[in-house]
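Undergrad: model this:
(2 chains)
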Amino acid sequence: GQNIDQPTEMTATEGAIVQINCTYQTSGFNGLFWYQQHAGEAPTFLSYNVLDGLEEKGRFSSFLSRSKGYSYLLLKELQMKDSASYLCAVRVSGSNYQLIWGAGTKLIIKP
Amino acid sequence: EAQVTQNPRYLITVTGKKLTVTCSQNMNHEYMSWYRQDPGLGLRQIYYSMNVEVTDKGDVPEGYKVSRKEKRNFPLILESPSPNQTSLYFCASSSIPPYEQYFGPGTRLTVT
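TA: Numbers count the residues shown, from 1 in each chain, chains lettered A, B, ... in the order given. From the prediction side, this is the model:
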């Protein structure tokens, strides 16, 4: 079967660094996405990885290891507005471009 | 402004009464998709479409229908809604292959 695992909830302090992990077991792999979702709102795109390594985008970075079926999202200099859920999604290979989503990690930022 | 719109935003209905949730995008995207989101389960894909007249089942298609007669529109149809379809529904679109998806604001559906 297809499966994506993320921690359910994490807590971090304003100004600190937090790493949110995502492991996946899917029938093929054709890219991994991270989205941010504030409570009651729609998800918004953060990052996309298809090759191994680190992609940096301002305070956010995303890492991928295809051989380990593993990714993480790194958030630096945390701000209160970073309190949100972070969703990991994998695009499986094949002609149907199906996307498999993790249940999301709720990140709570404390002052 | 590039956007995905959904209507209605909120809907309370009764079991068995057919309903349609509309979705429209103005970005000329080929790919469109419907998701439902339930607490603890994350986003689950219902149906998706690669282009006009091309649709495919996602993870949870039972009880839903879709159509893609025009590139910009992708309505979700519940022919006979049941209480287990009470959920938050999102429509999304992107270019092909599915890269950055743009999501609509969501439709909160309650079936009593």
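
Undergrad: in the longest strand along chain B, what's buried?
TA: In chain B, assigned by DSSP state E, the strand with the most residues is strand B:42-51. Using 16 or more other Cβ atoms under 10 Å in any protein chain shown as the test for burial, strand B:42-51 gives B:G42, B:L43, B:R44, B:Q45, B:I46, B:Y47, B:Y48, B:S49, B:M50. Backbone N, C-alpha and C define where each C-beta goes, glycine included.

Undergrad: helices and strands around that strand, which ones?
TA: If you count contacts as 3 or more Cβ pairs under 8 Å, 6 or more residues apart in numbering or on different chains; DSSP states H and E, strand B:42-51 packs onto strand A:84-91, strand A:99-101, strand B:31-38, strand B:54-57, strand B:65-66.

Undergrad: which bits of chain A sit near chain B?
TA: A:30-31, A:33, A:35, A:41-45, A:48, A:87, A:89, A:91, A:96-104 (Cβ under 8 Å from any Cβ of the partner chain).

Undergrad: quick one, which of the residues you listed are buried?
TA: Counted by 16+ other Cβ under 10 Å, those give A:30-31, A:33, A:35, A:42-43, A:45, A:48, A:87, A:89, A:91, A:97-104 as buried.

Undergrad: how far off centre is stretch A:9-21?
TA: 13 Å (Cα atoms, centre = their mean, to the nearest Å).

Undergrad: so where's chain B uncertain?
TA: Of all residues in chain B, none has pLDDT under 70.

Undergrad: and the contacts of stretch A:44-53?
TA: Residues from elsewhere that reach stretch A:44-53, judged by Cβ atoms under 8 Å, 6 or more residues apart in numbering or on different chains: A:30-37, A:55, A:57, A:60-67, A:71, A:73, A:86, B:99-103.

Undergrad: filter the residues you listed down to the buried ones, PyMOL style.
TA: Buried residues within the contacts of stretch A:44-53, by 16+ other Cβ under 10 Å, are selected in PyMOL with:
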select buried, (chain A and resi 30+31+32+33+34+35+36+37+55+60+61+62+63+64+71+73+86) or (chain B and resi 101+102+103)
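
Undergrad: give the contact list for residue 18.
TA: Answering for chain A, as no chain was given. Per Cβ under 8 Å, 6+ apart, neighbours of A:V18: A:M10, A:A12, A:L74, A:L75, A:L78, A:L107.

Undergrad: let me rephrase: I mean chain B.
TA: Per Cβ under 8 Å, 6+ apart, neighbours of B:K18: B:I77, B:L78, B:E79, B:S80, B:P81.

Undergrad: chain neighbours aside, what residue packs nearest to the last one?
TA: Looking back up the chat, that one is B:P81. Spatial nearest neighbour of B:P81, excluding adjacent residues (Cβ to Cβ, 6 or more residues apart in numbering or on different chains): B:V111 at 4.5 Å.

Undergrad: and that neighbour, how many neighbours?
TA: For B:V111, the neighbour count with other Cβ atoms under 10 Å in any protein chain shown is 20.

Undergrad: so it is in contact with B:S82, correct?
TA: Yes. Counting by Cβ atoms under 8 Å, B:V111 does reach B:S82; the two are 6.2 Å apart.

Undergrad: which neighbours do these two have in common?
TA: Counting by Cβ under 8 Å, 6+ apart, the residues touching both B:V111 and B:S82 are B:T15.

Undergrad: remind me which residues of chain A are low pLDDT?
TA: A:95-96.
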